[in-house]
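>>> No sequence on hand, only this structure:
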C-alpha cells in the first residue's frame, strides 16, 4: 500500500475532531457540527471548483459526523467523484465513504459500478484491491449481478498479483454467501482448485475458505481439491517452524490454513486413492504425535494454535470414521484434556467425545473415561461443561453401564442447574426405557424422576410410562403397587397423581387383595389428592373413579356420593361438571355388562417412536448429540421390542397416522416442501415501522399439543389441521402486545400483518410477499376456524389474486367481529405452486382475546372497591413465574399498555407494582378486568393476578400476559 505523503495529513480534519472532543455538552457538539455542515455545504455548492485534497477532507468530515450518529443527506456525489482520482488517498476515502453510507437502492449505484469496473480493468493492483474491498463491504445483490462474472476471471488470471488474488477470493466468497444463485459455476471452478498449490500461503488460505463454502453446495465440482488439500496439509504438518516463517504463529506452522484445509476435507468422504488416503493418515498421526510433545512455549497463544489444529484433526477423524487406530488415539488424547486446568479445553474434549461415542470403533474407548466424566459432573464449576458431561454420559450409555449412568444422573438432578433440568429428565427417561432389562427398575426410575424433579417432567414422560406399563403384562402389578406406595407420601407432585390415577384405574384390581391396598383405601388415597390438583388432573381422577365403579362394585355407592356432591355437579369448570354428570348417570342406569364393556381395560398401544426422544430432538435441534440414537453402530431394540427409531430427515415427507392417538405420542409431522435456493434477504418493501422479523425455519415440527388421557373414552379424535402450524406459541407471544410485524418468513414467502381493533371489531391487513424471482401460482390463503371458534368469532376475508409475481406483494383484508369470549386462535392456511412443487403451510393468526380490550381509567378507591367485589376464587387467576427478560420498569409499562388495559398510576400502595384496568368488549357482553403485576427484582420473579367476572377469561388473559415478561 503506498505511503501517505506528508501533505495528506488533513490538518482541518484534525482540528475539527479536536473541537468535537473538547465540547463540554451535547448542545455544543451539535452546534459545532451544524456549523461545519453549513460550511461544507457552501463549499460543495460554491462556484469555485474544489481540488481533490479539499473534497477528500470534507468527505472525511462528513464520514466522521455520520459515525457520531448524525444523518448525512449530501456529499455522496463528491465521494463518487473521488473514485475517478488517480491519487490513492483520495480514491481510498471515496471507497470508504461509499462502503459506509451508500445503500444498494441509491441512484448513484450505476456511477459507482462504472468507477469500480474502471478500477478492476486498470490492472493497478492497489486500485483493484480498493474496488474488490468495496464490492465485498457492500455485498448487495446489485453488486453480485454486476461483478459476479468478472471477479472469477481476475481470480484465475495468470498475471494477477497475489494480494489481488486474495482479495478476489474473499470478495467472491462474500458474494456467494449473499447471492449464491448469481455466482455462475464454469471453467474457473477447475482452475480455482489449483490455487491450493500456489506458492503464496495467503492466496492458499483465501482460496481454501472459498472452496470449502463452494464444495458444501457443489461437492462434485470441487472433489479434485481433496488430493491437493492433503498434499498441502502434508507439507505444512511435516515442515519445521522455521520453514514457514511469515506464517508461523508461536512455533505452530500456518495454524489457520491447517484448520481450513482440515475443514475442507470434512466436506468429503475418505479418499479412495490409497496413496492419498495413506498420506492423509500420516498427516493426522503426525498431528496427534505433536500433541504429545512438550510445548515449545509457555504462552497461551502457542497452546491455542496447537489445540485448534488438533481439535480440527479429531473432527476429521470422527467424520471419516474409518480408521480404528486413529479413533482410539483421538479418544485417548481427548481423555487427557478432561482433567486439564483450562475450562475451554475440558468443554471441547467432552463435546468431541460425545461424537466419538457414536463410532463402533471408539465407543468402548470412550466408556473407559466414565469415572472421569461422572467426577466432572459432580465437581465442575461451569454449568456449560456440566451440560456437556451429561451429554457424554448419555452418548456413552449402553446396557453394560445404563444403571450406573442413570443413577448418577438422578443424583446430579437434585442439585442441577435449573436451565438443564428438563433436558436431564428427558435423557434419564429415554435411557431408562431403552436399556431396561428389568422393567421394575424402569418403573422405579421414572417414579423417582417425578419425585426429584416433578416440575420438569413433561407430559411426554408420564404418557410414555403409562404406554409401556399398559403394553407389558409382567410389570402392571408391580407398577400398581409402587405408585400406591408412592402416593402415600404427604406431598406428592401432581405428575405422580396423574400416573397413579391412570395406573390404579387400569390395574388397581391387581393389588386389591392386600388389605393394606383395598379398593376403599385406594379410592380414599386418590381422593385425598383431588382438591390439590389442577383441572386436567381432576378430570383424569374422575375417569379413574368411574373405572373403580367397574373394578370394585363394593365402593360404587361411595363414588356416587362423591360424583353427586355439589362441588362436582355444580363445578364452574364445564369439563369437570360434564364428566361428573355423565359418569354419575352412567353408573346409575348402566348394567354390569354395559359398564364392563364401556370401561374395559385399555388395549395395548401401537408401537411407535418414543415421543420423549422426539421432544429431546426438538429441544436440542438437528445435528446434535441427541441424534446419536440413530447413528450408533451398537443397535439394540427398545423396551417394547420394536426396532430402533429411524433417523428423522427434515426434508422427508411425513404423513400423520390416521389412527386415533389417545396419548398424543405420535412424532411431530414435518413439512414436505423442499428447501428452495437461498435468496439475499427480503425483496419486499418494509411496510412496518416497528416490526421485528420472526423468521421461522423451513421445516419446523408442529407443536406438541397432547390431549389428556381420557380413561372413559375409546378414542380421541385430533382437531388439529393436518398441515404444520409454524412456531405458533413463539409467534403468538410476540404479537400479544403489538399489532404490526412479520408473522412468518422462510426463503420463499414473507407474511406481514398490520391490524387495528376498536371495541368488539377489528380489521387485519395481511401482506404476502414473494421473495423469489418465480411466480406463485394457484395462491390460495384460507382462514380456518374450529366449530367452537366460529360461534365466538366472525371473520370475513376478501379473496386475493391467485398469481403472485416474483418480488411482488399482495394484500388481503380480514374483518373481525368478536361475538363472545374465545380461547383458541384461527389458522391461516396457505397453498400455492412454486416451480412445479406444491407448497402447503399454516400459521396461527394472532387474534387473541386481549385485542378487544378497551382501557378504563379508575381512581384508587374505585379500583380496590371493584377488586373486592371480584373476590370469588373462581374469578381470580394468579401466576407466579420466573422473569424471562430483563426486568425493566419502562418496558413493563409499555407491554401492559400494549396488552390493552389502562395503566393506573399511584393506585397500588407499593410503587414498584403495576396495576391495570379495562373492559373486554364482545357482541353479547362486556367483561370487566383488573390486573396487578408484582415484580420481585431480587428473586427475578413476577406475581400476576387477574380478576374478571368470568373464570375462563381470567385464565386466558393470565396465560397471554405471563408470556410477555
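On my side now, so go ahead. For clarity, every value in this text was computed on a predicted model and none was experimentally measured. Residues are numbered from 1 along each chain as shown.
>>> domains of this structure?
Each domain of the chain is listed here as a residue range: 418-598, 726-847, 850-963, per the TED database.
>>> In CSV: these, plus mean pLDDT.
Converted to CSV, these look like this (pLDDT from 0 to 100):
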stretch, mean pLDDT
domain 418-598, 88
domain 726-847, 85
domain 850-963, 86
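>>> To residue 31, which of those lies closest?
Proximity to residue 31 (Cβ to Cβ) singles out domain 850-963 among the domains of the chain, at 30.0 Å. (Glycine included, C-beta is placed from N, CA and C.)
>>> Give me the distance between that closest one and the centre of its chain.
From the chain centre to the centre of domain 850-963 is a distance of 30 Å (Cα atoms, centre = their mean, to the nearest Å).
>>> What of stretch 508-520?
On the basis of Cα atoms, centre = their mean, stretch 508-520 sits 48 Å off its chain's mean C-alpha point.
>>> what residues does that stretch touch?
476-477, 480-481, 484, 522, 548, 551-552, 554-555, 558 (Cβ atoms under 8 Å, 6 or more residues apart in numbering).
>>> From those, list the buried ones, please.
476, 480-481, 484, 522, 548, 551-552, 555, 558 (16 or more other Cβ atoms under 10 Å).
>>> I'd like to know which of these is nearest to residue 68.
Using Cβ to Cβ, those come closest to residue 68 at residue 484, 73.4 Å.
>>> Relative to residue 361, which of the domains of the chain is closest?
domain 418-598 (21.3 Å).
>>> Can you give the distance of the closest one from its chain's centre?
Going by Cα atoms, centre = their mean, where domain 418-598 is centred and where its chain is centred differ by 35 Å.
>>> List the ones among the buried ones among the contacts of stretch 508-520 that fall in strands.
Counting by DSSP state E, no part of these is found in strands.
>>> now these in CSV, with distance to residue 877?
Output for the buried ones among the contacts of stretch 508-520, formatted as CSV (distance: Cβ to Cβ, whole Å):
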residue, distance to residue 877
476, 38
480, 35
481, 38
484, 33
522, 32
548, 31
551, 36
552, 37
555, 35
558, 32
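>>> Name the nearest of those residues relative to residue 90.
Using Cβ to Cβ, the buried ones among the contacts of stretch 508-520 come closest to residue 90 at residue 476, 86.8 Å.
>>> For that closest one, give me its contacts.
Counting by Cβ under 8 Å, 6+ apart, residue 476 has contacts 469-470, 503, 506-507, 510.
>>> could you dump the domains of the chain to CSV with distance to residue 118?
Shown next, in CSV, are those (distance: least, Cβ to Cβ, whole Å):
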stretch, distance to residue 118
domain 418-598, 56
domain 726-847, 30
domain 850-963, 51
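>>> Can you tell me which of those is nearest to residue 18?
That would be domain 850-963 among these, by Cβ to Cβ, at 37.0 Å.
>>> how long is that closest one from one end to the other?
End-to-end span of domain 850-963 (Cα to Cα, to the nearest Å): 13 Å.
>>> and the residue nearest to residue 819 when sequence neighbours are not counted, helix, strand or coil?
Excluding the flanking residues, the one nearest residue 819 by Cβ to Cβ, 6 or more residues apart in numbering is residue 923, at 4.6 Å. Assigned by DSSP: H, G, I helix; E, B strand; the rest coil, the conformation of residue 923 is coil.
>>> Quick check: residue 752 is in a helix.
No - applying three-state DSSP, one finds residue 752 to be strand, outside a helix.
>>> give me the beta-bridge partners of it?
residue 742, residue 767 (DSSP bridges).
>>> so where's the stretch 301-450 of the chain shaky on pLDDT?
Applying pLDDT under 70 to the stretch 301-450 of the chain flags no residue at all.
>>> Looking at the contacts of residue 476, which are in helices?
Using DSSP state H, 469-470, 503, 506-507 are the members of those that sit in helices.
>>> coming back round to it: residue 273: which of the domains of the chain is closest?
domain 726-847 (37.7 Å).
>>> Strands of the stretch 151-300 of the chain, start to end?
In the stretch 151-300 of the chain, the strands defined using DSSP state E, counting those that start in this stretch lie at 248-249, 252-253.
>>> Give me whichever of those strands is most buried.
strand 252-253 (a mean of 24; mean count of other Cβ atoms under 10 Å).
>>> Walk me through which strands that strand pairs with, and which way each runs.
Counting by DSSP bridges, strand 252-253 is paired with strand 248-249 (antiparallel).
>>> pLDDT averaged over the partner strand - what is it?
Mean pLDDT, computed over strand 248-249, is 85.
>>> Check which helices and strands the host helix or strand of residue 865 sits against.
Here residue 865, judged by DSSP states H and E, is contained in helix 860-869. On a contact count with 3 or more Cβ pairs under 8 Å, 6 or more residues apart in numbering; DSSP states H and E, helix 860-869 meets strand 914-921, strand 926-936.
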